[in-house]
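Colleague: just coords:
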């Protein structure tokens with residue numbers, strides 16, 4: 001019981017609107033219709049993430065497909081209003097490879 005109440009308190013402190021109802025038909029629930037921004041990112045943070053994680057930068061490391069998959073998942077989780085800027089940032093990023101020789 002203490003673990004559940006600690007978790008409910010942590011959710012509440014994080015801004016998630018939880019409530020409890022006592023009694024035989026009681027329990028713990030979210031406010032009806034509550035939705036959260038899964039990422040919690042601001043528009044600028046989302047753009048910065050897509051600049052830094054451009055899949056072109058990781059192709060030489062063999063991580064191109066993994067980073068591409070991760071970016072698609074993050075893009076899907078972003079609020080719709082942030083997606084166009086994040087997509088534009090990822091497409092306009094040029095990473096130059098410097099090496100020895």
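Modeller: Received it, and whenever you're ready, just let me know what you need. The shown structure was predicted, so the numbers you read here are calculated from the model rather than taken from an experiment. Numbering: from 1, shown residues only.

Colleague: Okay, buried residues for stretch 31-47 please.
Modeller: The neighbour-count check on stretch 31-47 (16 or more other Cβ atoms under 10 Å) flags 41, 46, 47 as buried. All C-beta atoms are positioned from the backbone trio N, CA, C, and that covers glycine.

Colleague: how far does it stretch from start to finish?
Modeller: 31 Å (Cα to Cα, to the nearest Å).

Colleague: where do the helices sit along the chain?
Modeller: 2-13, 43-52, 64-77, 83-91 (DSSP state H).

Colleague: closest to residue 32 out of those?
Modeller: Closest to residue 32 of those is helix 2-13 (Cβ to Cβ; 15.9 Å).

Colleague: Give the rounded mean pLDDT of stretch 89-98.
Modeller: Average pLDDT, stretch 89-98: 66.

Colleague: follow-up on the earlier one: between the helices of the chain, which one is nearest to residue 29?
Modeller: helix 2-13 (10.2 Å).
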